[in-house]
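Peer 1: next come a sequence and a model predicted from it.
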Amino acid sequence: WLCSYRVTEWILGDIHAGINVGMVQIFQGLSGIVITGLPLPVINSFYSAFCCSLAYVIFGTSRHMSIGEYCSAWLFQSSRECTLLLCCIGLGFVTTYLSESLINAYLTAAALHVIISQFSFIFGIVIDFHSGPLAFFYNLVYYCMGLPKANSTSILLFLLSVLMLRVSKCIKITYKHSPVEFPMELLLECSLKNEEGTQNLSYFRFLHPTLPDFSNLKKILLHASSLAIVSYFLLIFVAKKYGNIHNYHIRHTQDLMAIGLCNVTSSFFKSFAVSCALSTTVIQEKTGGKTQLAALIGVSLMLAVVLKLGTYFQYLPNAVVAAIVLVNMFPFLEKFMDVPFLWRQDKYDFGIWIVTFLSVICLGLDIGLGISMGFAFFIISAIEIQGVKMFQCCASISTANMKHFKSYILHKVNEKLLRRVRTANEISSASSLALIRWSRIESRYPSEIHYIERETGQEYVKRKEDLNRLWFCSDPPVTRSTTHLHPLESETSTYMIHTIILDFSMVHFVDLQASYLLRELCHTFQNIGITLLIAACHPTVIRTFEKHDFFDQCVTKARFFPTLHDAVLYAVEPELLEETVPVEPSIILPEEVLAEVTLNEEKV
């Protein structure tokens with residue numbers, strides 16, 4: 001992102017977002033000790049945010065990610081040694097199979113956990129946070145029981161801040177045709193000072209990094225594993241959400257290594273386990289942040305606080321911080337409006353959303369994540385589409401591997417469909433379909449060439465009901481004078497293959513000989529009534545095909561589709577298929593096809 005940075009368009013937004021994120025991180029870091037009640041130096045929160053944010057700026061791929069402590073207070077209480085295990089669990093591939101409904105429901109439930117954690121600042125009371133299943137409801141009951149002791153000043157300050165923040169959303173500042181949101185958060189943080197409902201926190205000197213204590217590693221192994229899973233998935237969920245909004249790609253495995261490195265770094269400072277700071281990430285995006293420069297500005301501000309300005313933040317406007325966090329959680333709460341839409345559109349996504357939300361709310365972020373993922377994996381079943389075969393080409397196709405490529409396709413396709421036969425002398429006049437007749441010829445002369453002949457004088461019509469009456473030769477090699485035909489019902493296959501789809505998403509190079517082979521396969525399958533389609537082909541490969549004169553009357557660009565899904569939709573709608581491309585009367589087939597089919601039959 002640094003090489004393509006647009007200074008005139010993004011700099012003001014990044015500065016505005018960086019200052020806001022830095023100020024909020026200062027307040028949340030200092031007040032985190034008050035919430036947990038752990039006997040740790042307050043300055044450790046700065047270590048965690050500074051070191052981890054700097055590491056993610058260098059190694060991470062999300063442009064809007066803000067690294068910090070977990071949103072839920074019970075996650076603060078994890079032992080610091082577990083951070084060393086976060087980079088050892090390879091979960092990058094799992095996120096590919098997570099649906100948008102699961103991500104939205106998980107983030108909505110996590111936003112409610114964030115709001116609950118801010119009640120201490122809103123009401124000016126401190127409770128003992130409950131961790132584990134039903135912690136959300138236990139903490140809610142504890143807050144209700146403590147309402148008689150609530151600080152009215154904090155509540156009024158919170159309500160005033162929420163009102164001002166909502167009004168500020170309607171104020172837009174334009175600089176060189178670039179809209180910048182009004183910095184109401186920054187004004188509130190600098191101007192308001194709640195002296196009655198704040199905690200007077202003393203400042204600690206810089207603590208030098210030391211090796212973590214490994215004596216308790218065996219005791220926290222199970223908890224560390226669940227913490228690693230939740231931290232990674234929370235980060236990926238938020239990163240994918242903003243990546244989709246702003247149209248950039250997230251590398252799952254690289255982010256897994258980045259968050260693991262962040263936790264390894266913070267462990268040397270005796271700090272908390274870190275992941276995506278949901279509240280500050282939302283603030284960074286909503287206040288105009290475009291790149292990780294906003295995170296760098298926030299880190300620099302925190303570094304200045306750690307070194308020089310710590311005494312200026314002893315009195316915290318906690319209610320103002322809570323108002324900023326809660327207002328920026330509203331976009332996640334708006335996902336509740338999507339539930340009726342999911343019910344009308346897709347019952348599966350609706351079920352995934354409800355199960356994910358309820359499991360995360362009732363059982364917590366870790367157990368709820370496991371239940372929601374298991375439910376999402378088992379509720380959806382994959383069924384093979386009848387008549388459609390799909391192959392994924394996992395490497396470039398060249399002279400070195402083209403024979404293996406051809407052998408693999410011929411082996412997977414019903415081999416009896418590939419037997420070359422010639423037209424029989426007569427056929428029943430009951431059928432209105434111009435059949436292509438096949439016979440396998442055994443010749444004494446190697447110079448003889450076997451070819452496909454099409455019956456002339458009749459119109460070729462593609463009808464599914466007539467295809468079921470096709471007759472194929474299923475006997476061993478025969479002579480020219482005898483041809484035995486058997487009905488299709490005697491075949492082992494229960495349905496006809498009418499389309500083969502090649503997934504070329506991983507193919508970046510095709511040489512000249514491989515182009516000839518691919519065109520040969522297209523002609524071969526076309527002559528036996530099978531359509532060969534190519535999906536997700538790179539533009540460079542298509543240009544290579546054009547240079548190699550790959551396209552002709554039979555093989556056209558209409559066979560190419562931008563995605564595999566488009567090719568499947570085209571294949572499963574026979575009535576939308578175009579008229580079959582005319583087959584040349586004598587397409588010469590290579591003798592290798594017959595040899596490979598015979599060899600594969602002998603192996604089977």
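Peer 2: Received, thanks.
Peer 1: any stretches of the stretch 151-300 of the chain with poor pLDDT?
Peer 2: 169-208, 220, 222-223, 226, 270-272 (pLDDT under 70).
Peer 1: how about the helices in it?
Peer 2: For the stretch 151-300 of the chain, the helices defined by DSSP state H, counting those that start in this stretch cover 152-168, 184-191, 221-246, 252-267, 278-286, 293-304.
Peer 1: flag every buried residue along the longest one.
Peer 2: Of the residues in helix 221-246, those buried by neighbour count under the rule 16 or more other Cβ atoms under 10 Å are 224-243. To be clear about C-beta, it is placed using only N, CA and C from the backbone, and glycine gets the same treatment.
Peer 1: kindly report the same for the fourth one.
Peer 2: When neighbours are counted by 16+ other Cβ under 10 Å, the buried residues of helix 252-267 are found to be 252, 255-267.
Peer 1: which one of the residues you listed is nearest K286?
Peer 2: Ranked by distance to K286 (Cβ to Cβ), the buried residues of helix 252-267 are led by D255 at 21.6 Å.
Peer 1: what's near enough to touch that closest one?
Peer 2: Contacts of D255 were listed using Cβ atoms under 8 Å, 6 or more residues apart in numbering, and they are G60, T61, S62, G92, Y232, L235, I236, A239.
Peer 1: distance of V388 relative to L532?
Peer 2: To L532, V388 is 11 Å away according to Cβ to Cβ, to the nearest Å.
Peer 1: that should have said V572, apologies.
Peer 2: Using Cβ to Cβ, one gets 16 Å for the distance from V572 to L532.
Peer 1: tell me which of these two has more neighbours.
Peer 2: Set V572 next to L532 and count neighbours by other Cβ atoms under 10 Å: L532 wins out with 19 against 14.
Peer 1: let's verify that one: helix, strand, or coil?
Peer 2: For L532, the assignment made with DSSP: H, G, I helix; E, B strand; the rest coil gives strand.
Peer 1: confirm for me that it is in contact with E520.
Peer 2: No. Using Cβ atoms under 8 Å, L532 is not in contact with E520, being 10.8 Å away.
Peer 1: and G68, what element?
Peer 2: Assigned by DSSP states H and E, G68 belongs to strand 67-69.
Peer 1: lowest-confidence helix or strand of this protein?
Peer 2: strand 471-472 (a mean of 36; mean pLDDT, DSSP states H and E).
Peer 1: run through the bridge partners of the residue lying closest to L235 once chain neighbours are set aside.
Peer 2: Leaving aside its sequence neighbours, L235 sits nearest to C276 (Cβ to Cβ, 6 or more residues apart in numbering; 4.2 Å). Beta-bridge pairing for C276 (DSSP bridges): I67.
Peer 1: show me the contacts for C276.
Peer 2: The contact partners of C276, taken as Cβ under 8 Å, 6+ apart, are M65, S66, I67, G68, S231, L234, L235, V238, A239.
Peer 1: redo these as JSON lines? Include distance to V555.
Peer 2: Output for the contacts of C276, formatted as JSON lines (distance: Cβ to Cβ, whole Å):
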{"residue": "M65", "distance to V555": "46"}
{"residue": "S66", "distance to V555": "51"}
{"residue": "I67", "distance to V555": "51"}
{"residue": "G68", "distance to V555": "56"}
{"residue": "S231", "distance to V555": "50"}
{"residue": "L234", "distance to V555": "48"}
{"residue": "L235", "distance to V555": "46"}
{"residue": "V238", "distance to V555": "45"}
{"residue": "A239", "distance to V555": "41"}
